[in-house]
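Engineer: here are the coordinates; sequence isn't available:
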């Protein structure tokens, strides 16, 4: 069965600093991987997705993630944090090697950005 | 930009009561999902729905739960007899095929 591990339930950075949110997955089939962001009192918004094309994926709001098969990782990065990036971030993997399958989510990482 | 909408945003109910959570998926999407997130825990898959029938359900989705697409726009999740442990945020999602788009959620509190 697929599973997702997000290392660090809380990450704090200063404004302008590098953001690195870690995600490792296990999958018995070629994975489809996603990062979602949840702002307070809002739903899950897609940041970016990997669906077996380029391993470096660019998303919205300056975020990007790199798929590394050898490390079974899909870490999310942003070179320079903004106050508006403060939110909860979820990594997810799709079941059955299909984008239609159920998503398995990590526990989430709460990002705090200090001025 | 089209969005998935959910009503109500908050629902408080007594244990043993029936609740219906409502979702309006994005209009040209064909696949629908329900997920839930118990406070402090992972977002968990409940059920997926396509062509007016359940395509997959998780072990959580027992006989207390049912889903329905009563008309061309709504997609509902019914919990027949709520338990304390059903208290959670329930998310609806829909997809045209490549990305699941989520609604804002309904927070269900069972007293």
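Structural biologist: Noted; the coordinates are in hand. Nothing here was measured: the structure is a model prediction, and the numbers come from that model.
Engineer: what's next to the helix or strand that residue B:76 is a member of, contact-wise?
Structural biologist: Residue B:76 is part of strand B:75-79 when elements are defined by DSSP states H and E. Outside of strand B:75-79, the residues within contact range by C-beta atoms under 8 Å, 6 or more residues apart in numbering or on different chains are B:18-25, B:32, B:34, B:46-47, B:49, B:64-70, B:86, B:90, B:92, B:94, B:108. C-beta here means a position set from N, CA and C on the backbone, and glycine is covered the same way.
Engineer: and if you look at stretch A:35-46?
Structural biologist: For stretch A:35-46, contacts defined as C-beta under 8 Å, 6+ apart pick out A:21, A:23, A:34, A:47-49, A:59-60, A:63, A:65, A:74, A:76, A:87-92, A:108, B:4, B:6, B:43, B:91, B:93, B:99-105.
Engineer: what comes up buried for it?
Structural biologist: Of the residues in stretch A:35-46, those buried by neighbour count under the rule 16 or more other C-beta atoms under 10 Å in any protein chain shown are A:35, A:36, A:37, A:38, A:43, A:44, A:46.
Engineer: do the same with stretch B:5-20
Structural biologist: Buried residues in stretch B:5-20, defined by neighbour count with 16+ other C-beta under 10 Å: B:6, B:11, B:13, B:19.
Engineer: any idea of the mean pLDDT in that stretch?
Structural biologist: Across stretch B:5-20, the average pLDDT comes to 96.
Engineer: report the central residue of chain B.
Structural biologist: The residue at the geometric middle of chain B, judged as the C-alpha nearest the mean C-alpha position with C-alpha atoms, centre = their mean, is residue B:34 (3.7 Å).
Engineer: in strands, which of the contacts of stretch A:35-46 fall?
Structural biologist: With DSSP state E as the criterion, strands contain A:21, A:34, A:47-49, A:65, A:74, A:76, A:87-92, B:6, B:43, B:91, B:93, B:101-102 from among the contacts of stretch A:35-46.
Engineer: next, count neighbours for the closest residue to residue A:51 other than its chain neighbours.
Structural biologist: For residue A:51, ignoring the flanking residues on the chain, the nearest one in space by C-beta to C-beta, 6 or more residues apart in numbering or on different chains is residue A:32 at 5.1 Å. Taking other C-beta atoms under 10 Å in any protein chain shown as the criterion, the count of residues near residue A:32 is 24.
Engineer: quick check, pLDDT for residue A:32.
Structural biologist: At residue A:32, the pLDDT value in this model is 89.
Engineer: would you check that it makes contact with residue A:57?
Structural biologist: No. With contacts counted by C-beta atoms under 8 Å, residue A:32 stays clear of residue A:57, the gap being 11.2 Å.
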